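Engineer: Task: produce atomic coordinates for the following.
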Amino acid sequence: MTATTHTGPAAAPTTARPAAAPRRRSRNERSRGASIALHGTLLVASAIAVFPVLWILFISLGPSTAWQQPHEVLHHLGLGNYRFVLFHSHFPTWFLNSLIVAGATTVLGVLVSASAGYAISRMRFPGHKSLMWTFLVTQMFPMAVLIVPLYNLLAQLDLIDTYAGLVLVYCTIAVPFCAWMLKGYFDTIPRDIDEAGRVDGLTPFGTFWRLIVPLARPGLAVTAFYSFLTAWGEVAYSTQFMSSDHYTLASGIRTFASDQRADWGSMTAASVLIAIPASLVFLLVQKHLVTGLTAGGTKG
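Structural biologist: Residues are numbered from 1 along each chain as shown. Next comes the predicted model:
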């Protein structure tokens with residue numbers, strides 16, 4: 001008697017699937033925790049940057065004692081400080097003086113710095129390198145050191161207490177920096193464009209004005225913005241070189257504070273009004289700012 005065994009159908013061989021490898025994060029990809037930390041840091045930094053501006057705006061809407069008791073602002077909201085500044089002070093005169101000086105400084109500063117930057121970028125002449133270093137060295141002197149020699153120069157030229165004298169002084173601040181920046185920007189514009197202009201019969205100035213300037217709008221926008229802010233918010237030179245009849249905004253606002261007390265309501269309201277034109281100029285040129293600031297960083 002033999003034993004027989006019954007076997008069922010052969011079982012299909014099973015192979016174990018390898019476990020899926022975890023997805024490898026790319027080099028530029030941040031983890032969720034890092035992203036949360038980054039955005040949280042940016043929010044905190046933005047709040048710190050914006051808080052002083054919002055606080056000044058908040059105080060300007062309250063009574064003159066609001067800086068001591070901020071909770072009073074909520075119960076006495078109004079525009080009284082703005083009415084006093086606009087209609088019962090010399091603010092309109094200061095505003096007009098600042099507008100004249102800042103506008104003239106912007107136009108003259110951009111023209112001089114653009115011409116100097118283009119000449120140094122394209123031309124080789126005796127003193128070519130030393131001129132750029134001279135521009136750089138002039139930025140190293142503190143403003144307090146320059147007040148006396150500049151005052152003596154303006155006095156000899158009979159330009160004390162004049163718009164022209166203050167504009168020239170502000171150009172000594174704006175032109176060196178703007179020339180350096182525009183020189184780097186002009187270096188990124190191909191020289192073939194200059195050669196094409198000369199082939200077409202243009203003079204060097206014609207090439208600069210008709211071909212290069214339109215291509216350099218981002219750089220010119222940055223220099224215009226810097227020149228405007230230099231003249232719009234400067235205090236020391238305008239206080240020393242101008243009389244009270246020709247005060248600009250930055251120096252005129254000081255008259256709201258005396259040795260005994262300060263009218264913080266008027267000062268905060270004037271500060272908000274002063275910031276409006278600067279903000280408008282920024283909005284006009286902001287689309288060119290990033291391009292203009294970074295284009296001169298590399299030579300292409």
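
Engineer: I'd like to know how far Ser266 sits from Ile100.
Structural biologist: Distance, Ser266 to Ile100, by C-beta to C-beta, to the nearest Å: 23 Å. C-beta: built from backbone N, CA, C; applies to glycine.

Engineer: same deal with Gly206?
Structural biologist: Gly206 sits 31 Å away from Ile100, taking C-beta to C-beta as the criterion.

Engineer: okay, those two: which has more neighbours?
Structural biologist: When Gly206 and Ile100 are compared on other C-beta atoms under 10 Å, the one with more neighbours turns out to be Ile100, at 16 against 13.

Engineer: Could you list the buried residues of the host helix or strand of that one?
Structural biologist: Counting by DSSP states H and E, the secondary-structure element that holds Ile100 is helix 91-122. If you call a residue buried by 16 or more other C-beta atoms under 10 Å, then helix 91-122 has these buried ones: 91, 93-95, 97-98, 100-102, 104-106, 108-110, 112-122.

Engineer: now do stretch 35-49
Structural biologist: For stretch 35-49, a neighbour-count test (16+ other C-beta under 10 Å) marks nothing as buried.

Engineer: May I have it as PDB, with CA atoms only?
Structural biologist: Listed next in PDB are the C-alpha coordinates belonging to stretch 35-49 (Å, rounded to 0.1, in the frame of the first residue of the first chain):
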ATOM      1  CA  SER A  35       9.600  77.900   5.500                       C
ATOM      2  CA  ILE A  36       7.500  78.800   8.600                       C
ATOM      3  CA  ALA A  37      10.500  80.200  10.400                       C
ATOM      4  CA  LEU A  38      11.500  82.300   7.400                       C
ATOM      5  CA  HIS A  39       8.000  83.700   6.900                       C
ATOM      6  CA  GLY A  40       7.700  84.400  10.600                       C
ATOM      7  CA  THR A  41      11.000  86.200  10.700                       C
ATOM      8  CA  LEU A  42      10.000  88.300   7.600                       C
ATOM      9  CA  LEU A  43       6.700  89.200   9.300                       C
ATOM     10  CA  VAL A  44       8.400  90.300  12.500                       C
ATOM     11  CA  ALA A  45      11.000  92.300  10.500                       C
ATOM     12  CA  SER A  46       8.200  94.000   8.500                       C
ATOM     13  CA  ALA A  47       6.300  94.800  11.600                       C
ATOM     14  CA  ILE A  48       9.400  96.400  13.200                       C
ATOM     15  CA  ALA A  49      10.000  98.500  10.100                       C
END
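
Engineer: Please work out the average pLDDT along that stretch.
Structural biologist: When the per-residue pLDDT values of stretch 35-49 are averaged, the result is 91.

Engineer: same question, stretch 119-131
Structural biologist: Stretch 119-131 carries an average pLDDT of 80.

Engineer: and the residue positioned nearest the centre of the chain, what helix or strand is that in?
Structural biologist: When the chain is reduced to its mean C-alpha position, the closest residue under C-alpha atoms, centre = their mean turns out to be Tyr226, at 5.8 Å. For Tyr226, the host element (DSSP H and E) is helix 217-232.

Engineer: I'd say the residue nearest to the centre of the chain and Cys178 touch.
Structural biologist: Yes: counting by C-beta atoms under 8 Å, Tyr226 sits close enough to Cys178 to count as a contact (6.2 Å).

Engineer: Phi first, then psi, for Asp158.
Structural biologist: phi 60, psi 40 (degrees, to the nearest 10).

Engineer: oh sorry, the question was meant for Glu234
Structural biologist: Backbone torsions of Glu234, given as degrees, to the nearest 10, read phi -80, psi 140.

Engineer: Any idea how many residues pack against it?
Structural biologist: The burial count assigned to Glu234 is 23, neighbours taken as other C-beta under 10 Å.

Engineer: pretty sure it contacts Val167?
Structural biologist: No: contact between Glu234 and Val167 fails when scored by C-beta under 8 Å: they sit 11.4 Å apart.

Engineer: so how far is Asn81 from Ser258?
Structural biologist: Relative to Asn81, Ser258 is positioned 17 Å away (C-beta to C-beta).
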